[in-house]
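S.K.: Just to be clear, the model below is a prediction. Sequence and coordinates:
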Amino acid sequence: MMQSQEQPVGKITFSILLALSLSHCLNDLLQSVISAAYPLFKDDLGLSFAQIGLITMVYQFAASVFQPITGIFFDKHPVAWSLPFGMTFTMFGLLSLAYASTLYWILGSVFLIGIGSSVLHPEASRITFLASGGKRGLAQSLFQVGGNLGGSLGPLLVALLVAPYGRENLAIFAIVALVAIVLMYPICKWYKAYLNQLKQQQRTVKKAMHLPLPKDKTIITIGILLILIFSKYIYMASMTSYFTFYLIHKFGVTVQESQLYLFIFLLATAIGTLMGGPIGDRIGRKYVIWASILGAAPFSLLMPHATLEWTIILSFCVGLMLSSAFPAILLYAQELLPTNLGLISGLFFGFAFGVAGIASAVLGNLADQYDIETVYNVCAYMPLLGLVTWFLPDLKKYK
């Protein structure tokens, strides 16, 4: 059975896009609390780097494998109130994590938080596409920058509210989840009205679906995009999971100082994300992908050999360049398969999270076997995989 093609509304809906961006901000703030609290769990429970990697892998597994599944499900059976449903999982996971006293308890808690993320990302990305009014790059960047900003705030808030007082203060973040659920209410109302209008249109009009590339070229192109995601998120995993440990080990900074420096890196990713979508609308998504992934290579290659001050500057540059790629990659993929927005969003968000999770586990073992500096010497070469962008077709030629 052929699926109907969901079309953006006629005019960009900034109020819904702003609510989606804020929801994404709060969601990713809550998700980033996990990695920001790693030093606290490591000290309290005596965890190894390999066990830290295992926690990340379990979280990313829940947040990745289920994303394409939820995407496919909601492609076929749209549900207007899916966003608060997912956030409820996150809220209970955070409450559990605050009082976790064993490794298995931590693993169960982060699994619940990951499930919440697996619902939000494909569904919120779909609604962002629909509310874009055709300005897809701008809309996706607004959505993504909310997530990156939230991800950058998480470590800062953990440093201020949790590190000085104890892990139990992680329960404070359950209040943030409640705020997010309230914020999602107008989004759900708007989406419900859109779905009702779509049903009425389907009764009277059946639009022929048009795909820009033949099936075989579409599959190959999706594979190239996934390679690019692979290169980006292996490096991002090294930063989000182990950058604080790297700074503590190499430069002797405190836990709070390391979290502040991680905040600077994550803030750069928010700025880069905001820039990537609109620039892609103007000059083409392929050029943004070229510049962002391959352009990060000089900075990543220099960073393992830099002083503390230059390490922070170079990490900012890497975050700024790499983060501009994801909106362009995701929109490129959505334009390849416009009839499967949930599947594509779930696949790419899920693959990104999955790569990050596996990479965190592998890099944790590498750090245990050698040292934490080896991780950054190895990962420095990952942005060079941006060279495969050469093989991406120009979609404008096929329209």
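M.R.: The structure has been received and is ready for your questions.

S.K.: What count of nearby residues applies to Tyr261?
M.R.: Residues within reach of Tyr261, counting by other CB atoms under 10 Å, total 22. No exception for glycine: its C-beta is placed from N, CA and C like everyone else's.

S.K.: now swap in Gln369 and tell me
M.R.: 10.

S.K.: contacting residues for Gln140?
M.R.: Shown in contact with Gln140 (CB atoms under 8 Å, 6 or more residues apart in numbering): Ser125, Thr128, Phe129, Ser132, Gly277, Pro327, Leu330, Leu331.

S.K.: Sort out for me which of those are in helices.
M.R.: Members of the contacts of Gln140 lying in helices (criterion: DSSP state H): Ser125, Thr128, Phe129, Gly277, Pro327, Leu330, Leu331.

S.K.: list the contacts for the fourth one?
M.R.: Shown in contact with Gly277 (CB under 8 Å, 6+ apart): Arg136, Gly137, Leu138, Ala139, Gln140, Ser141, Leu142, Gln144, Pro327, Ala328, Leu331.

S.K.: circling back: JSON lines please, covering the ones in helices among the contacts of Gln140 and showing pLDDT.
M.R.: Converted to JSON lines, these look like this (pLDDT from 0 to 100):
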{"residue": "Ser125", "pLDDT": "86"}
{"residue": "Thr128", "pLDDT": "91"}
{"residue": "Phe129", "pLDDT": "86"}
{"residue": "Gly277", "pLDDT": "76"}
{"residue": "Pro327", "pLDDT": "81"}
{"residue": "Leu330", "pLDDT": "84"}
{"residue": "Leu331", "pLDDT": "83"}
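
S.K.: and of those, the nearest to Leu225?
M.R.: Nearest to Leu225 among the ones in helices among the contacts of Gln140: Leu330, at 8.7 Å, using CB to CB.

S.K.: Could you check the pLDDT of the nearest residue to the closest one once chain neighbours are set aside?
M.R.: Of all residues not flanking Leu330 in the chain, Phe348 sits nearest, at 5.3 Å (CB to CB, 6 or more residues apart in numbering). pLDDT recorded at Phe348 is 82.

S.K.: Just want the most central residue of the chain.
M.R.: Phe349 (6.2 Å; CA atoms, centre = their mean).

S.K.: What ranges does the stretch 1-150 of the chain have for its strands?
M.R.: Remark: no strands are assigned in the stretch 1-150 of the chain by DSSP state E, counting those that start in this stretch.

S.K.: How much space separates the residue nearest to Lys42 when sequence neighbours are not counted from Asp43?
M.R.: Leaving aside its sequence neighbours, Lys42 sits nearest to Ile52 (CB to CB, 6+ apart; 6.4 Å). For Ile52, the distance to Asp43 equals 12 Å [CB to CB, to the nearest Å].
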